[in-house]
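Colleague: can you look at this prediction? I've put the sequence above it.
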Amino acid sequence: MENKEVAEVETQVMAALKIEATGIEPIPAYARTQSNIIENFTFWASCNTVIPTFALGTLAINVFYMGFWDAVATIFFFNLMSSLCVALFSSMGPKLGLRQMILTRYSFGWYGSILISLINIVISVGWSTVNVVVGGQVLNGINGGALPVWAGVVIIAVLTTFLAVWGYHYIHKYDKFAFLPIAISFIICFGVSVGQWDTSAPALSTPVASILSFGGAIFGFGAGWTTMAADYSVFQPADSTTWKVFVYTFLGNIIPLTLTEVMGVGVASAAKMHKPQWEAENGGAILSKVLLDTCGQGFGSFLLVLLSLSIIAAVFKSSTCCLDFLGSYSLHCIGDSVD
């Protein structure tokens, strides 16, 4: 077959399977078929109800030595600000049909946007690395560490890459169904640990420096999604109700971020004050010890597998965006323009 015929067959197959083939070009109106706006909630909720979010919450106790209620207030306030940012940028996707990094051209110009895209590639790869390592640590906690951390990292990275290649529609489909079992797993963790949480520290007992440092970490974690927020609403119709996109995205960020990080604070406080057997060097290992100690080896391991797979929801979207941004930079280099 000639190259043209091969390309036509590839296009037909990808269209039939709904594999995303678009890059940085504007999404045409006829292709914007994602009419279920509530998927903005399920997508972001799945991305944020993950082990790294839990691990971030444990830093309040293990690194910044904060009181429980001071940590809760800090988490809520800074997540409120970051969620508003993500919701604002996400609402641009349906209206403009453009990827988030392409929108930076309006602020930074043609060449300035190249620099922003390159920086975002580094950030995306960095967060992807953090996420798969945490997932590998959780899998390592199953069966007494029989599975090495590096093997767990490879497993999650392979699954992540597979979904990233299939693209937008499969990402949303995965997140639509992945959110429920992940949320149930965290609810079980809450139920078996909440009785041991240490909430005795009085409010306003934490130094301002610790509050601002922890708050900066909380805000940076949540606001980091702004660099790709519009990418995951870009296939929604242009006449989508803007306030609905905004609200569903906002709720999909602030609710899981706040609840999961607060759980991390609570479990870390329990490990420090009442359950020394739960103490560990990192948030992923703490979660492993809690579930294995309270739910038994069998059921606890099952929950840990579910939670480790939750990492995929957060990582593959970073991987997809990295590919898009690399494509954007390549097009810049050869002089191809997108109006």
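Modeller: Perfect, thanks for sending it. Numbering: from 1, shown residues only.

Colleague: okay, CA-based contacts and neighbour counts for the rest of this
Modeller: Noted.

Colleague: isn't residue 303 right up against residue 185?
Modeller: Yes - with contact defined as CA atoms under 8 Å, residue 303 reaches residue 185; the gap is 5.9 Å.

Colleague: so for the two, which sits in the more crowded spot?
Modeller: Neighbours of residue 303 and residue 185, each counted by other CA atoms under 10 Å, are more numerous for residue 303; the result is 22 against 19.

Colleague: can you show me the helices along the stretch 51-200 of the chain?
Modeller: Assigned by DSSP state H, counting those that start in this stretch, the stretch 51-200 of the chain shows helices spanning 51-62, 68-90, 92-96, 100-103, 105-140, 149-166, 168-193.

Colleague: tabulate those in JSON lines, adding columns for distance to residue 279 and mean pLDDT.
Modeller: What follows is the helices of the stretch 51-200 of the chain, written out as JSON lines (distance: least, CA to CA, whole Å; pLDDT from 0 to 100):
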{"stretch": "helix 51-62", "distance to residue 279": "10", "mean pLDDT": "91"}
{"stretch": "helix 68-90", "distance to residue 279": "17", "mean pLDDT": "97"}
{"stretch": "helix 92-96", "distance to residue 279": "43", "mean pLDDT": "92"}
{"stretch": "helix 100-103", "distance to residue 279": "40", "mean pLDDT": "85"}
{"stretch": "helix 105-140", "distance to residue 279": "14", "mean pLDDT": "83"}
{"stretch": "helix 149-166", "distance to residue 279": "18", "mean pLDDT": "83"}
{"stretch": "helix 168-193", "distance to residue 279": "13", "mean pLDDT": "86"}
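
Colleague: which one of those is the most hemmed in?
Modeller: Highest mean neighbour count of the helices of the stretch 51-200 of the chain: helix 51-62, a mean of 25 (counted as mean count of other CA atoms under 10 Å).

Colleague: off-centre distance for that one?
Modeller: Its chain's average C-alpha position is 14 Å from that of helix 51-62, according to CA atoms, centre = their mean, to the nearest Å.

Colleague: now that helix against helix 105-140, angle please.
Modeller: 80 degrees (axes from the mean of the first three to the mean of the last three CA atoms, to 10 degrees).

Colleague: against which helices or strands is helix 51-62 packed?
Modeller: helix 105-140, helix 208-223, helix 242-273, helix 283-333 (3 or more CA pairs under 8 Å, 6 or more residues apart in numbering; DSSP states H and E).

Colleague: that helix to helix 242-273, inter-axis angle?
Modeller: Using the same axes, to 10 degrees: helix 51-62 against helix 242-273 is 50 degrees.

Colleague: residue 37 contacts residue 245, doesn't it?
Modeller: Yes - here residue 37 reaches residue 245: they are 6.4 Å apart, a contact under CA under 8 Å.

Colleague: tell me which of these two has more neighbours.
Modeller: Legend: neighbour count by other CA under 10 Å for residue 37 and residue 245, higher for residue 245 (24 against 19).

Colleague: who touches the more buried one in this structure?
Modeller: Neighbour list for residue 245: 37, 38, 40, 87, 90, 91 [criterion: CA atoms under 8 Å, 6 or more residues apart in numbering].

Colleague: and the gap between the second one and residue 80?
Modeller: The gap separating residue 38 from residue 80 is 20 Å, by CA to CA, to the nearest Å.

Colleague: can you report how many residues neighbour the nearest residue to residue 80 once chain neighbours are set aside?
Modeller: Distances taken as CA to CA, 6 or more residues apart in numbering put residue 254 closest to residue 80, at 6.2 Å, once the chain neighbours are dropped. Residues lying near residue 254 (other CA under 10 Å) number 24.

Colleague: would you check how far apart residue 254 and residue 260 are?
Modeller: Noted for residue 254: a distance of 10 Å to residue 260, by CA to CA.

Colleague: now residue 24
Modeller: From residue 24 across to residue 260, the span is 33 Å (CA to CA).
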